[in-house]
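Chemist: here's a sequence, model it:
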Amino acid sequence: MKALEYRAALAVLGLTTAGVEKLFGVDQITSRRWASGEHDVPRAVALCLLLMASHDTSVVQAQILADGVDAPLAKSA
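Modeler: As a prediction, the model looks like this:
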């Protein structure tokens, strides 16, 4: 996932930097680096965003599901 696609996915989902931080267990700097293209968006994060968008999964629904996961979906870059 390219930086432009990442930013577009966040816009489509209405996901803020704070939401990315909570959902994927990363800090704001990591999200900014993904958005700028400084770091690649991890495949798991890209897949999750694409699945959320394609299945009309809300951020709230994803957070409910993620709360049951012990480990974050992505590590800080």
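
Chemist: surely residue 51 meets residue 61?
Modeler: No - assessed by C-beta atoms under 8 Å, residue 51 is found out of contact with residue 61, at 11.5 Å. (C-beta placed from N, C-alpha, C; glycine too.)

Chemist: so what secondary structure elements neighbour the lowest-mean-pLDDT helix or strand in the chain?
Modeler: Lowest mean confidence among the helices and strands of the chain (mean pLDDT, DSSP states H and E): helix 59-66, at a mean of 74. Packing partners of helix 59-66 (3 or more C-beta pairs under 8 Å, 6 or more residues apart in numbering; DSSP states H and E): helix 17-24, helix 43-54.

Chemist: try 10 Å this time
Modeler: helix 3-13, helix 17-24, helix 43-54 (3 or more C-beta pairs under 10 Å, 6 or more residues apart in numbering; DSSP states H and E).

Chemist: and that helix, what's buried?
Modeler: Neighbour counts over helix 59-66 (16 or more other C-beta atoms under 10 Å) mark 59, 62, 66 as buried.

Chemist: how about JSON lines for those residues, with distance to residue 40 added?
Modeler: Shown next, in JSON lines, are the buried residues of helix 59-66 (distance: C-beta to C-beta, whole Å):
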{"residue": "59", "distance to residue 40": "22"}
{"residue": "62", "distance to residue 40": "21"}
{"residue": "66", "distance to residue 40": "21"}
